[in-house]
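Participant: Here you go, sequence then predicted model.
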Amino acid sequence: MTSATVPTPAGTAGTQANGSTSGTDSQRGGASRRGASGGRSSGGRQAAPRRKKPPTVAGQLLQSTWLIVVVLVLWWVLSAQSTNFFIPSLQQILEALGTDLTNGVIAGGALYSLSNLFVGLAIAVVLGVGVGLVLGEVGWLRRIVDPIIHFFRCIPQAALVPLIIGTFGIGQGPKMGTIAFACFWPILLNTIDGVLGVEPTVRHFSKVYRVPKALYFRRVVLPAALPQIVAGVRVALPIGITVMVVSEMFASIEGLGFYILNSSATFQVPQTWAGALLVGVIGYILSVLFVFAERRLLRWYYASGAK
């Protein structure tokens, strides 16, 4: 049997042929346009991606201070009509702060407190980094002292202030020692973590090439652990400020802590608030300065894109 062929009208065939031809032509035209555009993009210079412009100094300052300004304005407005003896207006607090800064009462106490803080923090950095490098490298020694470390770091540091001052006296030395003791633990723990984070390959090559221990610690371990060490100092800074104030509230006649306690005991409420406000301002300024110093010290770390 032969299959019957259905004749196709001439118009329909022509339409199909023309449609097929036009479709092919459009595909060829699209391909040629894509090829031409591809050739131009590959042959010509590609446009570089737009980079975000870094914020200006004024923009950064506005970004970091606008909330503080809003809080101060709200505090000023809401406390202006305060009748509570223990909550004076912000205007009274700032007037008391300005008066005591001008006559030198609070300025001398601030210098005394900051000297204790800086010396105590420096002692903590030296001891914390030195002991942390050793414990991070010597595993068996770290496992022995680990319970002792966690025991002392869990004790509230402010609770030890009266014991330390009662044992060693009321001079400036015990206050520095108290600050150093409180700041020692976060620096120690961060240093140990930084040493443990050194790449095993780097350790292996140092042993293979028999790098001297002093050079190994100075050029291999310390730079690798430095970001963690700086993070530990950043954590220790506010702890040191807190212990600084608390230590000056026990058997002391100088410092910001003594100023706050003495003002509170004599019912000078604006002065009490002024001392507490000044401690917060000093802490904020020290934190900002520390961030700038950290950026300078770890510029290679930030430039590598690690943070």
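Facilitator: Sure, I can see it. Residues are numbered from 1 along each chain as shown.
Participant: following the helix or strand that Ala110 is a member of, which helix or strand shows up next?
Facilitator: Using DSSP states H and E, Ala110 sits in helix 105-137. Moving toward the C-terminus from helix 105-137, the next helix or strand (DSSP H and E) is helix 139-153.
Participant: can you give me how far the helix holding Ala110 is from the chain middle?
Facilitator: 18 Å (C-alpha atoms, centre = their mean, to the nearest Å).
Participant: same question, stretch 87-97
Facilitator: 31 Å.
Participant: next one: stretch 274-289
Facilitator: Counting by C-alpha atoms, centre = their mean, stretch 274-289 comes out at 16 Å from the chain centroid.
Participant: do the same with stretch 137-156
Facilitator: 25 Å.
Participant: Now do the buried residues in it.
Facilitator: 137, 142, 149 (16 or more other C-beta atoms under 10 Å). Every C-beta, even on glycine, is put in place using the N, C-alpha and C of the backbone.
Participant: so can I have CSV of those showing distance to Ala182 and pLDDT?
Facilitator: Below are the buried residues of stretch 137-156 laid out as CSV (distance: C-beta to C-beta, whole Å; pLDDT from 0 to 100):
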residue, distance to Ala182, pLDDT
Glu137, 25, 90
Arg142, 22, 92
Ile149, 14, 91
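Participant: Show the contacting residues for Gly128.
Facilitator: Neighbouring residues of Gly128 by C-beta atoms under 8 Å, 6 or more residues apart in numbering: 183-188, 191, 232, 236.
Participant: between those, which is closest to Glu248?
Facilitator: Proximity of the contacts of Gly128 to Glu248 was ranked by C-beta to C-beta; the top entry is Cys183 with 16.0 Å.
Participant: measure that closest one to Asn190 for me?
Facilitator: Per C-beta to C-beta, to the nearest Å, Cys183 is found 11 Å from Asn190.
Participant: Those two: which has the busier surroundings?
Facilitator: Cys183 (30 against 24; other C-beta atoms under 10 Å).
Participant: contacting residues for that one?
Facilitator: Listed by C-beta under 8 Å, 6+ apart, the contact set of Cys183 reads 120-121, 124-125, 128, 236-237, 239-240, 243.
Participant: Can you list the low-confidence ranges for the stretch 201-307 of the chain?
Facilitator: Scanning the stretch 201-307 of the chain for pLDDT under 70 picks out 305-307.
Participant: in it, which spans are helices?
Facilitator: In the stretch 201-307 of the chain, the segments counted as helices under DSSP state H, counting those that start in this stretch are 213-216, 222-247, 255-265, 269-297, 299-303.
Participant: now those as a markdown table including mean neighbour count?
Facilitator: Shown next, in a markdown table, are the helices of the stretch 201-307 of the chain (neighbours: other C-beta atoms under 10 Å):
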| stretch | mean neighbour count |
| --- | --- |
| helix 213-216 | 12 |
| helix 222-247 | 21 |
| helix 255-265 | 21 |
| helix 269-297 | 16 |
| helix 299-303 | 12 |
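Participant: Looking at the ones you listed, spot the one closest to Gly104.
Facilitator: helix 255-265 (11.8 Å).
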